[in-house]
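A.B. asks: Build me a model from this:
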Amino acid sequence: MSESLGARPRSSKDDKGHIDQLPDEVLEYIFKLLSPYKDFQSCSRVSRRWRQICFQSCRSKLHSFYTQVSQGELLWTTIHSDENPENISKRHSHCCVYHARTMSMYVFGGCTSNSSTFNDLLQFNLSTRTWSRPRAIGMYPSPKALATLVETEDSLILFGGWTDPSPYPLHPPWRLFSELHIYDLQENRWNQITKPNKNSPEGNSPSWPPPTAGHSATMHREDMVVFGGLQKEREYGFSSSPNVWIFSSSSKTWTLKHIPGEEKPSGRYGQSQISLDDDHLIIIGGYVGTGKSELSDIWLLDMKGDDWNWIEMKVEGTENRGKDILRHRACRVTKDRVVVLGKSKVAVKKPSLVGQAAISRNNLPAAQQMTRNAIGNVPASIRNAVFQHSSSSEENDSVPEAADRGRRSDDGVREHEVEDAQAGPSRGFEQRMSGLNEQLNRPPVKPKQRMLENRQRQLASLNRMEERIRNFKASSPSKPQPTFSPPVLCPNHRMALSVLDTSRAISDHVVTWLPPSPQLPDCGAPQECILYSLVKGRGELIMFGGLKKDIGVGSIRDSSQSTVSNAVHILHPRIENI
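C.D. replies: Model prediction:
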């Protein structure tokens with residue numbers, strides 16, 4: 001019987017196979033597998049029951065994330081970006097920030113392996129794990145690296161930076177920037193805050209920081225606090241600054257903050273600056289001077305009231321600090337935990353026993369010895385066979401003998417030296433003396449004519465070699481080429497977490513490096529790199545770019561890969577432990 005007009009249709013929830021028929025425990029497990037960004041928001045809007053389950057799943061994931069951060073047991077997931085116009089190019093020394101409202105990571109600038117700098121702004125959508133280029137308008141910043149990028153509710157603030165100068169004129173100094181740009185996220189517009197003119201009342205006052213790079217910055221309420229950096233001292237000299245500058249996002253003005261007291265951190269650059277709350281921040285590590293002397297101290301800046309003061313932290317558990325930890329960026333993940341990525345402190349005793357089989361020179365397939373010449377790499381077997389087949393006097397007379405006598409054998413010894421050694425000292429001496437007399441009695445040749453003759457001999461020698469290789473390949477049966485397995489990356493150089501406990505930083509002025517995880521780094525962890533960016537999202541850490549160190553096991557190195565990365569590495573909790 002058909003339903004009457006206007007009757008309420010049967011709800012699909014009455015079906016036994018509907019998702020709402022699942023118990024709360026099953027739904028909670030399903031929601032834990034979702035992305036913690038827009039997927040969570042969409043599910044929480046379905047019904048009141050789903051909203052409660054989503055919140056419970058979110059709390060469980062965050063608790064597991066915080067626990068596994070302290071234990072150093074996060075998993076690595078890598079997202080590779082292809083080199084095409086739609087994806088981000090490889091870079092390092094860029095600036096990066098996570099914006100909570102847009103649920104995206106923004107990256108600006110950076111430079112390539114040859115120090116070419118960028119001025120593009122890119123957005124990495126953490127919900128879809130995809131890159132995009134906002135179509136921005138306005139006054140674009142200059143291409144630069146080593147700048148800082150901080151977030152406000154609806155904008156991004158970019159300050160400072162460095163760029164490698166053009167090759168002309170010779171030996172020019174680095175160029176540093178004091179530009180300040182504000183990017184409006186709603187209008188996709190760059191707005192530049194210009195420096196006051198010298199003729200204005202504020203022009204002669206120190207109301208604008210000098211050109212700076214490698215500094216650090218954090219937001220505290222409506223103010224951006226900037227510390228340190230590399231600054232130009234003379235025409236060809238640079239110095240590390242110990243100054244603190246404050247930029248008000250509301251009034252768009254700068255202020256040089258004078259902090260009394262003799263106990264202050266030395267001038268530095270490349271440090272990590274962590275905001276603990278609206279009134280406190282800490283400075284970790286850095287470099288001093290242009291000699292790149294590393295600093296291992298940690299300082300607290302108390303910004304309560306009008307009188308600010310620096311306090312040097314007492315650092316405990318220094319034996320737990322990772323290797324070369326001061327070369328890497330720090331990121332605050334919880335209220336009292338700061339993580340730093342660095343080289344793993346847990347070393348593998350036998351790096352050759354990685355995986356299921358031992359990697360050694362004996363079990364690797366024997367590679368053909370290669371002879372390098374003007375036409376590339378020639379296998380030794382082909383080369384030896386070529387010289388065995390080519391014994392006709394007609395070929396030897398077509399090209400001067402000196403063109404063949406300069407070739408090296410597989411052992412790196414010239415062929416004529418091997419022949420002379422086999423024939424005895426007398427033959428070798430006679431051949432050398434006859435060649436020397438021939439050169440002395442030869443009439444002088446003009447330099448241009450000599451260059452043309454040498455070029456003709458080289459071309460003739462190359463043609464002969466190519467012909468011999470073609471003849472040998474045509475006559476010899478084809479053999480399968482040896483296949484090489486991809487290099488095994490050394491686990492001793494993988495990235496690992498070092499955790500700094502800051503729970504007593506404000507009260508007792510003490511910070512503690514927690515013991516590292518006794519387990520080996522996750523097999524998905526990338527190789528050690530520097531000059532990358534590290535930000536915290538929703539229950540995960542996002543690492544991007546940097547300079548890699550391609551180190552393999554058993555002296556195997558993958559030289560085909562570039563040292564600069566454009567991969568995104570995400571550290572997330574293990575789902576089985578949630």
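A.B. asks: just the helices in the stretch 1-150 of the chain please.
C.D. replies: 24-32, 38-44, 48-71 (DSSP state H, counting those that start in this stretch).
A.B. asks: Give me the mean pLDDT for the shortest one.
C.D. replies: If I follow you right, that is helix 38-44. Averaging pLDDT along helix 38-44 yields 85.
A.B. asks: Which other helices and strands does that helix contact?
C.D. replies: In terms of contacts (3 or more CB pairs under 8 Å, 6 or more residues apart in numbering; DSSP states H and E), helix 38-44 is packed against helix 48-71. Any C-beta I mention is one placed from the backbone N, CA and C, and that applies to glycine too.
A.B. asks: could you dump the helices of the stretch 1-150 of the chain to a markdown table with mean neighbour count?
C.D. replies: Shown next, in a markdown table, are these (neighbours: other CB atoms under 10 Å):
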| stretch | mean neighbour count |
| --- | --- |
| helix 24-32 | 15 |
| helix 38-44 | 16 |
| helix 48-71 | 17 |
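A.B. asks: I'd like to know which of those is closest to residue 468.
C.D. replies: Ranking those by distance to residue 468, with CB to CB as the measure, places helix 48-71 first at 62.8 Å.
A.B. asks: Mind listing what's buried along stretch 285-296?
C.D. replies: Residues 285-288, 295 are the ones in stretch 285-296 that count as buried (16 or more other CB atoms under 10 Å).
A.B. asks: May I see the buried residues of the longest helix anywhere in the chain?
C.D. replies: Criterion DSSP state H: the longest helix present in the chain is helix 447-475. Using 16+ other CB under 10 Å as the test for burial, helix 447-475 gives 461, 464-465, 468-469, 472.
A.B. asks: Can you lay out these as JSON lines showing distance to residue 451 and pLDDT?
C.D. replies: Below are these laid out as JSON lines (distance: CB to CB, whole Å; pLDDT from 0 to 100):
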{"residue": "461", "distance to residue 451": "16", "pLDDT": "80"}
{"residue": "464", "distance to residue 451": "21", "pLDDT": "80"}
{"residue": "465", "distance to residue 451": "21", "pLDDT": "80"}
{"residue": "468", "distance to residue 451": "26", "pLDDT": "80"}
{"residue": "469", "distance to residue 451": "27", "pLDDT": "80"}
{"residue": "472", "distance to residue 451": "32", "pLDDT": "75"}
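A.B. asks: For these, work out which two are farthest apart.
C.D. replies: Every pair of the buried residues of helix 447-475 checked by CB to CB; the farthest is 461 and 472, at 16.6 Å.
A.B. asks: hmm, back to that, which pair in the buried residues of stretch 285-296 has the greatest spatial separation?
C.D. replies: Across the buried residues of stretch 285-296 (CB to CB), the longest gap, 10.4 Å, separates 285 and 288.
A.B. asks: Just give me the residues shared between the contact sets of these two.
C.D. replies: Common neighbours of residue 285 and residue 288 (criterion: CB atoms under 8 Å, 6 or more residues apart in numbering): residue 295.
A.B. asks: how about the strands of the stretch 401-550 of the chain, start to end?
C.D. replies: Using DSSP state E, counting those that start in this stretch, the strands found in the stretch 401-550 of the chain span residues 495-501, 510-513, 529-530, 533-536, 541-544, 547-548.
A.B. asks: closest one to residue 305 among these?
C.D. replies: Taking the strands of the stretch 401-550 of the chain one by one with CB to CB, strand 510-513 is closest: 22.9 Å.
A.B. asks: what residues are up against the residue nearest to residue 129 when sequence neighbours are not counted?
C.D. replies: Distances taken as CB to CB, 6 or more residues apart in numbering place residue 79 nearest to residue 129, at 5.8 Å, with adjacent residues excluded. Going by CB under 8 Å, 6+ apart, residue 79 touches 129, 567-570.
A.B. asks: so what's residue 92 up against?
C.D. replies: 110-111, 145, 530-532, 545-547, 564-565.
A.B. asks: Distance of residue 149 relative to residue 119?
C.D. replies: Per CB to CB, to the nearest Å, residue 149 is found 13 Å from residue 119.
A.B. asks: do the same with residue 49
C.D. replies: Using CB to CB, one gets 49 Å for the distance from residue 49 to residue 119.
A.B. asks: circling back: now the two most distant members of the contacts of residue 92.
C.D. replies: Farthest apart among the contacts of residue 92 - using CB to CB - are 145 and 565, which lie 14.9 Å from each other.
A.B. asks: Around the closest residue in space to residue 504 that isn't next to it in sequence, how many other residues sit close by?
C.D. replies: Ranked by CB to CB, 6+ apart and with sequence neighbours excluded, the top spatial neighbour of residue 504 is residue 510, at 4.5 Å. Using other CB atoms under 10 Å, the number of residues around residue 510 comes to 14.
A.B. asks: repeat for residue 298
C.D. replies: Based on other CB under 10 Å, the number of other residues close to residue 298 is 25.
A.B. asks: Once you drop chain neighbours, what's closest to it?
C.D. replies: Using CB to CB, 6+ apart and skipping the chain neighbours, the partner closest in space to residue 298 is residue 313 (4.2 Å).
A.B. asks: And for residue 57?
C.D. replies: Counting by CB to CB, 6+ apart, residue 57 lies nearest to residue 31, which is 4.0 Å off, once chain neighbours are set aside.
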